[in-house]
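Got a sequence here, can you model it:
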Amino acid sequence: MSLEIQECDQSHEVKLVKSVARTIDLLVLFVNTDKYLSLKDIAELLNLPKSSAFELVKTLVYKGILEVKDQNKKTYGLSLLAFEIGSCAISDTGVHDIARPYIQGLNRITGGNCFFRR
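Presented below is the predicted three-dimensional model:
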């Protein structure tokens with residue numbers, strides 16, 4: 001396991017697990033884009049060799065965090081599991097009480113399934 005040392009604001013060093021940091025960087029790419037990403041996109045945006053990006057993506061697909069969104073274009077995106085994990089972060093904020101009438105209105109307007117995980 002490789003470790004990377006990064007300075008914090010408090011002027012002391014923190015040891016980081018490089019693969020975990022890269023994985024988080026990869027996930028954040030999807031927060032900052034409104035499209036699905038190809039392996040080439042991911043490698044370029046993370047400044048990684050394509051083989052390293054492939055191993056990260058393959059692992060995240062296997063674990064259910066990413067999924068292949070377009071088999072022909074070979075693009076990837078966040079999975080429903082990633083959404084569920086993110087939803088857990090907001091479940092205790094009281095946001096769902098505020099969002100409920102909007103979600104219900106969206107359901108009435110679209111007739112589609114709308115949910116906000118509690």
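
Wasn't Leu60 part of a helix?
Yes: going by DSSP: H, G, I helix; E, B strand; the rest coil, the assignment for Leu60 places it inside a helix.

Next up, the contacts around it.
Residues near Leu60 by Cβ atoms under 8 Å, 6 or more residues apart in numbering: 23, 26-27, 66. Using the backbone N, CA and C atoms, a C-beta is placed for each residue, glycine as well.

Run through this structure and note the low-pLDDT ranges.
Counting by pLDDT under 70, the chain has low-confidence residues at 1-12, 89-93, 117-118.

helix or strand for the residue nearest the centre of it, which one?
The centroid of the chain falls nearest to Leu27 when counting by Cα atoms, centre = their mean (3.6 Å). Using DSSP states H and E, Leu27 falls within helix 18-31.

Show me how far that helix is from its chain's centre.
In this view, helix 18-31 has its centroid 8 Å away from the chain centroid, taken as Cα atoms, centre = their mean, to the nearest Å.

and that helix, what does it pack onto?
Contact partners of helix 18-31 among helices and strands, from 3 or more Cβ pairs under 8 Å, 6 or more residues apart in numbering; DSSP states H and E: strand 3-7, helix 39-46, helix 50-62, strand 75-78.

Which helix runs longest in the chain?
helix 95-110 (DSSP state H).

for that one, which positions count as buried?
Of the residues in helix 95-110, none is buried under the neighbour-count criterion (16 or more other Cβ atoms under 10 Å).

can you check stretch 53-65 too?
Per 16+ other Cβ under 10 Å, stretch 53-65 contains these buried residues: 53, 56-57, 60, 65.

what's the closest of those residues to Phe116?
Comparing the buried residues of stretch 53-65 against Phe116 with Cβ to Cβ places Ile65 closest, at 20.5 Å.

burial count for the closest residue to the closest one other than its chain neighbours?
Spatial nearest neighbour of Ile65, chain neighbours left out: Ala82 (5.1 Å); criterion: Cβ to Cβ, 6 or more residues apart in numbering. A count of neighbours around Ala82, defined by other Cβ atoms under 10 Å, yields 17.
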